[in-house]
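> Quick check, what structure comes out for this input:
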Amino acid sequence: MPELPEVEVTRRGVEPWLLEQNVQALIVRNASLRWPVPELAQQIVGQTIKAVRRRAKYLLIDTDAGTAIVHLGMSGSLRIVTERTEVQKHDHIDLVLGSGRIMRFNDPRRFGAWLWCQLPEQAHPLLAKLGPEPLSDAFNVDYLVAALKGKSKAIKLCLMDNAIVVGVGNIYANEALFAAAIHPQAPAGSIEREALALLVSAVKQILAVAIEQGGTTLKDFTNAEGKPGYFAQKLHVYGRGGQPCNQCGVLLTEIRLGQRSTVFCSVCQPTLR
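Numbers count the residues shown, from 1 in each chain. Below is the predicted model:
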């Protein structure tokens, strides 16, 4: 599934093509996505795109009439193409722009979404209960200490809880916990403030680097220009279970935690912090 860096890379890729463009048409070839696509054409056609933002893993396309909420799901992608670009099997939606360009949504598994919101987007049910953005000033050690107080749940599960902080998916949770030397199964409420400060810093740094590198290529992620991300070359633990730790040489341990693959170093990530 595309994680926050991949979605942010996509946002940055499509934004220059969308800003201040008038929407000429919205072509829906298949409305059966994660949720049925509503009658978006009557809402967005004729509108000028004022901003292209990201909240968690959602892309927000703002117009004066409202906001289109786009989610890439597990396999979705956006491409900027021309009318001469051949339509592929899983190209479900086209946003046709006044420039003649088209933003095309492709989603083989159809777990993505295109929705519409006329309310302030933070009031939408999908966005209303989200925690702070990890790269924002609101995500800091004071906030995290308070959010985790009294929690016995494993820290990795808390880190991936969008009500606590958004967008820290499995890849980056594994990497941030390794960088902060915290065992993924450590009870969240028992972790010392100093360790949580390291974790906040690690989350911010790792996500920023991943965005700069163009995201992580795992299976089929490519950016809006069709190019792969390169952060996978930087991974220390994710996907490396049974391989030597880059820091100490001990073989990395892989377990299932919250139904997700979790890889850690038993030496570099002590059980208790």
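> C-alpha only now, for contacts and for neighbours.
OK.
> And the contacts of stretch 161-180?
3-4, 56-57, 129-134, 139, 144, 147, 156, 158-160, 183-184, 195, 198-199, 202-203, 206-207, 235-238, 260-265, 268-269 (CA atoms under 8 Å, 6 or more residues apart in numbering).
> list the buried ones in that stretch?
Residues of stretch 161-180 classed as buried: 161-162, 164-180 (neighbour count, 16 or more other CA atoms under 10 Å).
> Off-centre distance for that stretch?
From the chain centre to the centre of stretch 161-180 is a distance of 11 Å (CA atoms, centre = their mean, to the nearest Å).
> got a list of what Leu19 touches?
Per CA under 8 Å, 6+ apart, neighbours of Leu19: 49-52.
> do the same with Glu133
55-56, 139, 165-167.
> Just flag the most distant two among the residues you listed.
Spatial extent of those (CA to CA) is set by the pair Arg55 and Phe139 at 14.1 Å.
> Figure out the length between the terminal residues of stretch 115-132.
Taking CA to CA, to the nearest Å, stretch 115-132 runs 22 Å from one end to the other.
> That one: which residues count as buried?
Neighbour-count burial for stretch 115-132 [16+ other CA under 10 Å]: 115-117, 121, 127, 130-132.
> among those residues, which are in strands?
115-117 (DSSP state E).
> which one among those gets closest to Gln243?
Once CA to CA is applied, the member of those that ends up nearest Gln243 is Leu115, at 42.5 Å.
> for that closest one, which residues make a bridge with it?
Ile69 (DSSP bridges).
> ok, it touching Gly66?
No. At 10.6 Å, Leu115 does not count as touching Gly66 under the criterion of CA atoms under 8 Å.
> And the strands in the stretch 101-250 of the chain?
101-106, 113-117 (DSSP state E, counting those that start in this stretch).
> Which elements pack onto the last one?
What that stands for is strand 113-117. strand 67-71 (3 or more CA pairs under 8 Å, 6 or more residues apart in numbering; DSSP states H and E).
> Okay, angle between the strand it packs on and strand 113-117 too, please.
Computed by axes from the mean of the first three to the mean of the last three CA atoms, to 10 degrees, the angle separating strand 67-71 from strand 113-117 equals 160 degrees.
> Next, the buried residues of the following helix or strand past strand 67-71.
Proceeding N to C from strand 67-71, the next assigned helix or strand is strand 77-82, under DSSP states H and E. Across strand 77-82, burial judged by 16+ other CA under 10 Å covers 77-81.
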